[in-house]
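Student: kindly generate the corresponding structure for this input.
(chains A and B)
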Amino acid sequence: MEFLGKWPRLGQWALFGAFLTLTGCTSPEPDSESDVGCEIPEMEGVGFQVLEAYGGDAVVEITDPIYVEGYVISSDREGNIFGRLYVQDQLENPAYGVELKTDLLDLQALFPPGARVRINLQGLFLGRQGGGMALGSRRDIFGNPVLDRIPALATLDYLTLACTPGGTPIPREVSLDSLNPSYLHTLVRIPELEVEAGAQGQPFAEAGSQTRIPLVSCSGHQLELDNSGYSDFQALPLPAGSGAVTGILVGSSGNFRLLLRTAADLDFEPLSCLDRYPLQTTDQVIISEIADPDNEAGARFIELYNAGAESIALRGWSLVRYTNDNTSPGLQEDLTGLEIGPGQVLVFTASEAIYKQVYGRDPDRVFRPNGPADSNGDDNILLLDPFGTIIDAFGVPGEDGSGTAHEFEDGRALRLPRVFQASAAFQPAQWMLWNDTGAAGTQLQPRQAPADFTPGLHPDPSQ
Amino acid sequence: MSKPLFRFLLLCGALLLPIQLIGQSCTVRGRVQQATGGPGVSGAVLLTLANIHLGETGEDGQFIIPVREGQRELVVRAVGFLDLRVVLPHCTGDTLQLGPLILRALPMDEPDYVWLETLADEEDQDPGGGLLGMGRDFFTRRAAFDFSAGYFRTRGLEQQELLATFNGVPMNNPWDGRPMWSSWSGLTDLIRTAGNHRARTFYPRGYGGLLGALEIQGSPAALRPGMRVTLSASNRSYRFRQMVTYNSGQSNTGLGYLISMARRDGDRGYLDGTSYQSLAGYAALEWEFLPGQQLLFSGLLSHTRRGLSGALTEEVTAIQGRQYNPHWGWQNGKIRNSRVQDTEEPLLTFTYTGKTPKAQWELAIGHQWGGSHRSRLGYFGAPNPDPSNYRYMPSFYYNSPLGPNYANVQKARQAFVSHPQIDWERLYQTNSGAYPEGRAAYLLTGDWQGGSRWKGAGRVSLMLYRGLWLDAGLQASRSLLEARQEILDLLGAAYHKDADPFSGTQNDLEGPEQKGPGAVVGYAFDLKHKGLQGYAQVRYQGNRWEGGVAYHQGKEYAWRYGHFRNGRYPEDSQGFGPSLQGSSQGLKGYLGVRLSGHIWAMAHLGSEFRSPNLRDWYTDPREHHFYIPAERERVRGASLDLHLRFPRLSGRLGGYFNRFDGGRSLRSYYAETAFGDAFVRELALGLGARLQGFEAGLEYQLSPEVSLNLAAGLARHRYAGRAGLLLFAAPGAGLPEVASGPEGLDLGDADLDGLPLARGPETALALGVRYRAPKYWWLDVRTVYLARSFPSLALIRTTDAFRNPPNNTLPDGAASTYRELPPHPNPIPEAYLLNLSFGKSWLKGSHYISAFMGWNNVFDQAFRSGGYQQGRMATQTGYNRDARSGHPSFGPRYWQGQGRNFFINIAWSF
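Tutor: Sure thing, here's the model as predicted:
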């Protein structure tokens, strides 16, 4: 390139220099991210109990550089669980479960159920959702902090897949009446549930709105399903029959609810509770003792005795009181859930605390005041079977007991030991009565609690 | 020549040309030639230093001019060449014979390079329609280079109004009407001498479009013989280019050949993640077997692969900067862009040209095949991988229905800043753990559009009388346009379930539901197209006036053939659809009058009827055969130009007007309407527009070295009248059933009259100074002002259904006049730019080297070049709720103008 020599040297250098600087003058390349590998973080791994100890009921920020690891139990694939992820500490028999609120959609793709995940806690807020632990972001409502969902991209900073593989979470088998707040936000499986009569045949949820579906156990306890109107299975009808329900336990003590992941979480068989536990009737369950102590109205009780050789489930059975001379029934108490074995006795009272204090034992069920367990001695009480048939009767409905053979005011009514069969019509000869009137062959002897009564024991050995 | 005769001629010369004869004169004779040899330069003007016109050279470059005594210098000026100053030796006697005067060619101007690539590269953003750097028109050259940064559109017209031909073969894509820039992308040596005809100008080869015509001639006779090697560096779209062109010129046997090859590559352009790889080659063989009769065979291949970016909301750009591109991410330490366009459209042409003094004829046949792939990342039952998705933005927490959550606004912003790109590793990880086993949650697919086209054009031009020509021609084309979506990369999964994510229905009922790599998914259809057009025109070119009348007519047919039987439209998707027809007609005329020696006035008038582009014939050809019968669009327009050729001042002043009626447009987007939320296809019918304005391109020569120049475009581009809007959606998508039928859901009229069109800046000014030094270098500085550019409107927000919802309930019991925020767009903020260019050339023997450096936007101004409103919020309530917080989630999306960018070019010809 000798012709360039004709240029002034400075001009040449200027041209080349400009060329070089301008070609080199590129925008800097963005920094390369290190490969996403499975790195053990520099933070400290703690157990869920630390989390439990951290928070109370208020929303607190976790400032320590700690993390927990657990297993995912929820899935938003069918749209029933939205905006949150549930993690429990172990695959089987978990001790703790936590809800993570997030705005990240389609969590099941990144964190499928059973995956082992790590939650980096520093910077998250811990609080309560119902009775269970929850993690999220902070929102202030009228100056009060509440938990809100963590923004989607930020969630990926807090929630990552752990380095160890996951597994299949085993739901804890637990019956409805033994649910415990420590099971909240973990996976449970409750057997023998069916859809309550009024809700049978309805769809899983009303389109577009959150729907609570009442379930009832064969023993009469209740539980609700929390179903989303945007789920894929929202329009499916609720299955008939009864069976086990698997789901995540949410809510709080006394108000537990279940979150389903999929419609198949309702594992029903065509047997309903009635089919499993057919209604039983017998004429060998009798009212054995009714008490109205002179010294303590709170120690009133009523006692049932199974004179037969077989155990009876008192599903659908009831005791009903006809107050004074009323021909229409007063309070009726359902005995569903109770079972009375052969030779066994069940005692019911209206004031649990006084009864316990007086007799030193627990009643089998507490009834409402002014009901069959709270008679002042001149009422009539009937024992009905599930079909509404009167099995056993004390007194004559429509006839006030005062001054009759079925008065036990301030006293006691005791079934004689020789009676093994119930009687739909009151037979005074089957009874021994103490009261404060002494009419119609009854004993004029008010009775004192606890000495003169035998709740929980029949026949009375002293008679 | 005898003396009396000579004197007579001189007297004639004195009468014809204004020459001042004061004092004794001397006659100067000479010949003006090109530096690179060849014939003499005709039409070169000879001037005094004071710019007094002395004479012109004849056909062979010869000239004879009288020169006053005392006049010592002469300036020779010719178009396409650098001015030459000649020192006159003392005149002894009556005549002075000068030696040959050598003119050097004007060095390559930036427009010749940069805008051509800009057009091809940014096709999807349509930066500027039909901007041509060729030719003498100063305004269009300036508009091409300086205004294109703001996506300026000449006369507000889109690229499809420009007719392009390559070696006589029409090169507009029947699908969208645009010239197929990607066919010759990179081979700028071929384009340099392309013929440019401005709006409605008459030229022999055809009727032309509203923006005119571009005739690319890749023949050895049309280009400069010899070898040319070019090296370029830039930071605009590619980093480096190497180009070699060899032209054998025409030999004695009449044979000549031309080979050109160009390679471009770069890891990134101005925007992050936009890589560029291109290799292009061209070979042509010409044979003049008889004088005036030529055959030309050529083959063209350009393969370009580039990473794309997209338009972004203000919020995203404010957080990430103007070079941000959300579509790429790191994979194994390398940048991988999910939106890559891969184009390869080889072309073979055969042209036969005949020429006699009174007639010209031409037959050109071309065959093109291939197409382009555009990739995108899809997600099925997994979180959206696009980090700039609205749900990931801080604005999502400003607009939460429960009220803003400022803590989350901060958290979201931090997360977006730390995870700004696609996380490819996570995509692979998710696919490997997906349920059901092996099913792809993330998938890279490519939209392929291509096929084969045959095109032929024949024309005849006859000189009926001196200056009067009759031209007539026919064009025929037959195309098979194929469109389908293919799996490019399963990203670690085993198969893809080919079903629509919204409705769950299968896309290909006749095929398997699970598809593997390379399979066709989503949609597959062909459009068969046939077209026939003819034109006839008469034009006259005289000394004092010129004029012409032209008529053209065309007819076209198209059929859709669907390969897939679609689960959403099982009866209407597979097989042949109804065949559709379109026609076009046009009549135009012009009149040019020479008002004086310095001023020409040209008036153009035209009226055309035309069918919409093939792309808009079927409502949604990916899904079904449905169509809304097309009314033809009508265009009427006129323009008046004044061409000035004063000694110092030259240029053009012009005014134009174009009125459109009955146009149509089709768009797809997700909309939340008063009738439901769904992914819709919006068809606008009866669109009208009024495009009017002034153009000025003036150069003023202060001195032989210094010139001032001004380019100004002042326009007003508005919609006219009312249009009808129809919405189409898949059945079961959430809209009323009529939306899934052939008629669509009628949203009523869209009140568009007076609303602005998105056609680039309505005010564009460039003021510049150019210095041309005698030592063959030059410097050009321009200040550019671009203003009143508008984002493209969301038409759905101008309908009655938006303002008055059908159930007639407005939020919060507001009265019907409640309009909190108007949906009319504000103009994009103005831009002030400073552009510099510097060039130099060297001539050593027969080696000619030219170098130039161009620097645009020297002050690194941040500005937006264009944008569009998002149509998602299609109810007044929804729109207000989104906009009210001041941080809209669905605000307009903009393209960012380039910051400081440069272009360096060195070309060596020998």
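
Student: so how far is residue B:550 from residue B:358?
Tutor: Distance, residue B:358 to residue B:550, by C-beta to C-beta, to the nearest Å: 20 Å. For glycine as for every other residue, the C-beta is placed from the backbone atoms N, C-alpha and C.

Student: neighbour count winner among the two?
Tutor: residue B:550 (22 against 12; other C-beta atoms under 10 Å in any protein chain shown).

Student: where do the helices sit along the chain?
Tutor: All of this refers to chain A. Secondary structure of chain A, counting by DSSP state H: helices at A:9-24, A:48-54, A:107-110, A:152-158, A:273-276, A:352-359.

Student: if you could check chain B rather than the one you did, that'd help
Tutor: Using DSSP H, helices in chain B cover B:3-16, B:110-121, B:138-142, B:188-191, B:314-320, B:395-398, B:406-418, B:424-432, B:800-803, B:876-884.

Student: pretty sure residue B:727 contacts residue B:744?
Tutor: Yes: assessed by C-beta atoms under 8 Å, residue B:727 is found in contact with residue B:744 at 5.8 Å.

Student: quick check: neighbours shared by those two?
Tutor: Taking C-beta atoms under 8 Å, 6 or more residues apart in numbering or on different chains as the contact rule, residue B:727 and residue B:744 both touch residue B:683.

Student: returning to what we had before: now the weakest link among the helices of chain B, please, by mean pLDDT.
Tutor: Among these, helix B:110-121 carries the lowest mean pLDDT, at a mean of 43.

Student: what sits against residue B:773?
Tutor: B:705, B:779.

Student: repeat that for 10 Å
Tutor: Contacts for residue B:773 (C-beta atoms under 10 Å, 6 or more residues apart in numbering or on different chains) come out as B:705, B:706, B:779, B:840.

Student: with distance to chain A, pLDDT and neighbour count added, can I get those in TSV?
Tutor: Below are those laid out as TSV (distance: C-beta to the nearest C-beta, whole Å; pLDDT from 0 to 100; neighbours: other C-beta atoms under 10 Å in any protein chain shown):
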residue	distance to chain A	pLDDT	neighbour count
B:705	18	84	13
B:706	21	91	13
B:779	13	91	14
B:840	8	87	20
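
Student: which of these sit farthest apart?
Tutor: Among those, the pair separated by the greatest distance (C-beta to C-beta) is B:706 and B:840, at 17.1 Å.

Student: not counting its neighbours along the chain, what's nearest residue 301?
Tutor: You didn't pick a chain, so chain A it is. Using C-beta to C-beta, 6 or more residues apart in numbering or on different chains and skipping the chain neighbours, the partner closest in space to residue A:301 is residue A:349 (4.4 Å).

Student: nope, chain B please
Tutor: Nearest to residue B:301 is residue B:346, by C-beta to C-beta, 6+ apart, at 4.5 Å.

Student: give me the neighbour count for that neighbour.
Tutor: Neighbour tally, residue B:346, other C-beta under 10 Å: 15.

Student: roughly how far does it sit from residue B:300?
Tutor: 7 Å.

Student: which neighbours do these two share?
Tutor: B:183, B:281, B:368.

Student: which residues touch the residue nearest to residue A:301?
Tutor: A:291, A:298-303, A:355-356, A:358-359, A:362-367, A:373-374, A:455.

Student: so which of those sit within strands?
Tutor: A:291, A:301, A:302, A:303, A:365, A:366 (DSSP state E).

Student: distance of the spatially closest residue to the fourth one that is not a sequence neighbour from chain B?
Tutor: Right, residue A:303. Nearest non-adjacent residue to residue A:303, counting by C-beta to C-beta, 6+ apart: residue A:289, 4.0 Å away. In this view, residue A:289 and chain B are 59 Å apart by C-beta to the nearest C-beta, to the nearest Å.

Student: which residues does residue B:497 contact?
Tutor: B:380-381, B:436, B:439-440, B:443, B:504, B:506-507, B:512-515, B:521.

Student: sorry, that was for residue B:281
Tutor: B:186-187, B:244, B:259-263, B:299-303, B:346.

Student: so can I have a markdown table of the residues you listed showing pLDDT?
Tutor: A markdown table is the format used below for these (pLDDT from 0 to 100):
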| residue | pLDDT |
| --- | --- |
| B:186 | 83 |
| B:187 | 87 |
| B:244 | 95 |
| B:259 | 95 |
| B:260 | 94 |
| B:261 | 95 |
| B:262 | 94 |
| B:263 | 94 |
| B:299 | 96 |
| B:300 | 95 |
| B:301 | 94 |
| B:302 | 92 |
| B:303 | 94 |
| B:346 | 96 |
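
Student: give me the buried subset of these.
Tutor: Buried by 16 or more other C-beta atoms under 10 Å in any protein chain shown: B:186, B:187, B:259, B:260, B:261, B:262, B:263, B:300, B:301, B:302, B:303, out of these.

Student: give me the subset of those lying in strands.
Tutor: Those of these lying in strands (DSSP E): B:259, B:260, B:261, B:262, B:263, B:300, B:301, B:302, B:303.

Student: if we can go back for a sec, in strands, which of the contacts of residue B:773 appear?
Tutor: B:706, B:779, B:840.

Student: which of these lies closest to residue B:342?
Tutor: Closest to residue B:342, out of all of these and judged by C-beta to C-beta, is residue B:840, at 37.6 Å.

Student: how close does the nearest residue to that closest one once chain neighbours are set aside sit to residue B:399?
Tutor: Once flanking residues are discounted, residue B:840 sits nearest to residue B:777: 3.9 Å by C-beta to C-beta, 6+ apart. With distances taken as C-beta to C-beta, residue B:777 is found 57 Å from residue B:399.

Student: before we move on, what about residue A:85?
Tutor: Separation of residue A:85 from residue B:399 (C-beta to C-beta): 24 Å.

Student: quick one, which of those two is more surrounded?
Tutor: residue A:85 (26 against 21).

Student: so the more buried one touches residue A:105, yeah?
Tutor: No: Residue A:85 is beyond contact range of residue A:105, at 11.5 Å (criterion: C-beta atoms under 10 Å).

Student: any low-confidence regions in the chain?
Tutor: All of this is about chain A. Applying pLDDT under 70 to chain A picks out residues A:1-38.

Student: was after chain B, sorry
Tutor: Looking at chain B by pLDDT under 70, you get B:1-24, B:35-38, B:49-51, B:79-80, B:82, B:92, B:105-136, B:434-435, B:804-823.
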